[in-house]
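Student: Sequence first, predicted model second:
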Amino acid sequence: MSVTYPQPEATASATGEYRAAVVSAFDRPLAVEHVVPAPLQPGQIRVKVEASGLCHTDIHAAHGDWPVKPAPPFVPGHEGVGIVCELGSGVIEVAHGDRVAMPWLGYACGICDYCVSGRETLCHEQENMGYSIDGAFGEYATAYARYVVRVPDGIDPFDAAPLCCAGVTTYKAVKVAGTRSSDLVAVFGVGGLGHLAIQYAAIAGGRVVAVDLFDEKLELARELGAEFTINAAKEDPVEAIQRLGGVDQAIALAVSPKAFEQAYRSLRRGGTLVFVALPADNEVKLPIFETVLNGITVVGSIVGTRADLREVFELHAAGKTHVTREIRPLDTVNEAMADVEAGRVAARIVFEP
Ligand SMILES: [Zn+2]
Ligand SMILES: [Zn+2]
């Protein structure tokens, strides 16, 4: 494929103010206002943002839902894609004019046991875009050059944005699940993440059962390769999946502990449940007896590494995946968050700054 998306002028004008969506308090809506960029530190780059995906994590960040909270004021956004327009000292990883993705793992130490063994997403020193450091909900963003990933030519930036969290997270989850040809895989939750999980499970050779509460999302799931769909608002997904013989792997993407418990009970013996979604309600109840007797594996999977993201981009550039997304102006950030929370969005919203 030889499509090249136009590279905007790489302006170096981020020394002045620019507009960004700022969380000033957990109980207040975001405000799109002018912010002043800090001078670049060694190893950092400034990026002119072209596209910035809205992930459920951004909503949890803005509300301060999780045990570890960000510190307002901050700018959310960890699905940013844009053009490098300014380089801090010592940057050798990228050049002016490169299109890069700025994922959740914004920084890691690079030298701890996790970092040197390909598990950088477990680094204790990590910084996260749009959470512990400012993210990409703005006209510009600041990132560490070592932790951005170049977006290959031929990928639309509005596709690249969801791929850099929803994509890499579900790609990794399917790797962690260990899906192999002819495995039956249940994907609980067909949203921004789920619609990609279905495709990665199918690419790995799995036959996919998609579970959601909305018929429109299940229709999308079928279009993207799900062989079976179950509306959990209308029938018990556990019974329906056990009628199929149970699944080898279940991937929990819905932000509801109940869906995690249903995913557990839909496994066949020897099955694996992968925890991915992070509900505000942090407890699930799983039985010990059945876990032991049935040889069940329960495993958590957090985003993916830079290497995983390169593979995600390779698959997309090769035409193997489809990103379902809608583009909205960044000024509508609060309405967009409300729509995602109400389940009114087919898959992913991507902001244009
Ligand atoms: Zn995310
Ligand atoms: Zn480290």
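Tutor: In hand now; what should we look at? A quick note: this is a predicted structure, and the numbers were derived from the prediction, not measured. Ligands and ions are numbered 1, 2, ... in the order given.
Student: longest strand anywhere in the protein?
Tutor: Ordering each strand of the chain by length in residues (DSSP state E) puts strand 44-54 first.
Student: can you tell if the next helix-or-strand element following that one touches ligand 1?
Tutor: Using DSSP states H and E, the helix or strand that follows strand 44-54 in sequence is helix 56-63. Yes. Using C-beta under 5 Å from the ion, helix 56-63 reaches ligand 1 at residue 57. In short, each C-beta sits where N, CA and C put it, glycine included.
Student: quick revisit: what packs against the longest strand of the chain?
Tutor: Secondary-structure packing of strand 44-54 (3 or more C-beta pairs under 8 Å, 6 or more residues apart in numbering; DSSP states H and E): strand 80-87, strand 99-102, strand 140-144, helix 157-162, helix 333-341, strand 348-352.
Student: What parts of the stretch 151-300 of the chain come near ligand 1?
Tutor: Residues of the stretch 151-300 of the chain lying near ligand 1 (C-beta under 5 Å from the ion): residue 165.
Student: What is the burial count for the residue of the stretch 151-300 of the chain found nearest ligand 1?
Tutor: Residue nearest to ligand 1 within the stretch 151-300 of the chain: residue 165 (3.3 Å; C-beta to the ion). Around residue 165 sit 32 other residues, with neighbours defined as other C-beta atoms under 10 Å.
Student: CA atoms only for the longest strand of the chain, dumped as PDB, please.
Tutor: The C-alpha coordinates for strand 44-54 follow below in PDB (Å, rounded to 0.1, in the frame of the first residue of the first chain):
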ATOM      1  CA  GLN A  44      11.400  15.000  25.300                       C
ATOM      2  CA  ILE A  45       9.700  16.000  22.100                       C
ATOM      3  CA  ARG A  46       6.800  18.300  21.200                       C
ATOM      4  CA  VAL A  47       4.100  16.900  19.000                       C
ATOM      5  CA  LYS A  48       1.500  18.700  17.000                       C
ATOM      6  CA  VAL A  49      -1.500  16.600  17.700                       C
ATOM      7  CA  GLU A  50      -3.600  15.400  14.700                       C
ATOM      8  CA  ALA A  51      -5.900  12.900  16.400                       C
ATOM      9  CA  SER A  52      -6.600  11.900  20.000                       C
ATOM     10  CA  GLY A  53      -8.700   9.000  20.900                       C
ATOM     11  CA  LEU A  54     -11.100   8.900  23.900                       C
END
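Student: if you average pLDDT over that strand, what comes out?
Tutor: Mean pLDDT, strand 44-54: 98.
Student: re earlier: did I read that right, the residue of the stretch 151-300 of the chain closest to ligand 1 in a helix?
Tutor: Yes. Looking at residue 165 with DSSP: H, G, I helix; E, B strand; the rest coil, it is inside a helix.
Student: Check whether the longest strand of the chain comes near ligand 1.
Tutor: No. Judged by C-beta under 5 Å from the ion, strand 44-54 makes no contact with ligand 1; its nearest approach is 7.7 Å.
Student: In a markdown table, list the helices and strands packed on strand 44-54 along with distance to residue 151, mean neighbour count and mean pLDDT.
Tutor: Converted to a markdown table, the helices and strands packed on strand 44-54 look like this (distance: least, C-beta to C-beta, whole Å; neighbours: other C-beta atoms under 10 Å; pLDDT from 0 to 100):
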| stretch | distance to residue 151 | mean neighbour count | mean pLDDT |
| --- | --- | --- | --- |
| strand 80-87 | 6 | 25 | 98 |
| strand 99-102 | 4 | 27 | 98 |
| strand 140-144 | 13 | 27 | 98 |
| helix 157-162 | 5 | 26 | 98 |
| helix 333-341 | 23 | 18 | 95 |
| strand 348-352 | 14 | 23 | 97 |
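Student: residue boundaries of the helices in the stretch 251-353 of the chain?
Tutor: Using DSSP state H, counting those that start in this stretch, the helices of the stretch 251-353 of the chain run over residues 257-265, 288-293, 306-317, 333-341.
Student: contacts for the longest one?
Tutor: This means helix 306-317. For helix 306-317, contacts defined as C-beta atoms under 8 Å, 6 or more residues apart in numbering pick out 1, 101, 103, 105, 118, 120, 147, 149, 151-152, 154-155, 159-160, 163-164, 167-168, 171-172, 175, 203, 304, 321, 323.
Student: related to what we said a few turns ago, can you add distance to residue 181 and give the helices and strands packed on strand 44-54 back as TSV?
Tutor: Shown next, in TSV, are the helices and strands packed on strand 44-54 (distance: least, C-beta to C-beta, whole Å):
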stretch	distance to residue 181
strand 80-87	33
strand 99-102	30
strand 140-144	38
helix 157-162	27
helix 333-341	34
strand 348-352	28
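Student: Next, whatever residue of the stretch 151-300 of the chain ends up closest to ligand 2: phi, psi?
Tutor: Ranked by C-beta to the ion, the top residue of the stretch 151-300 of the chain for proximity to ligand 2 is residue 172, at 17.5 Å. Dihedral angles phi and psi of residue 172 (degrees, to the nearest 10) take the values phi -70, psi -40.
Student: Let me know which of the helices of the stretch 251-353 of the chain is tucked in deepest.
Tutor: Of all the helices of the stretch 251-353 of the chain, helix 257-265 carries the top mean neighbour count, a mean of 21, counting by mean count of other C-beta atoms under 10 Å.
Student: how about it as CSV, C-alpha atoms only?
Tutor: As requested, C-alpha coordinates have been extracted for helix 257-265 and formatted as CSV (Å, rounded to 0.1, in the frame of the first residue of the first chain):
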residue,chain,number,x,y,z
PRO,A,257,-17.6,-6.8,37.8
LYS,A,258,-20.7,-8.8,36.9
ALA,A,259,-19.4,-9.2,33.4
PHE,A,260,-16.0,-10.5,34.8
GLU,A,261,-17.9,-13.1,36.8
GLN,A,262,-20.0,-14.1,33.8
ALA,A,263,-16.8,-14.4,31.8
TYR,A,264,-15.3,-16.7,34.4
ARG,A,265,-18.3,-19.0,34.4
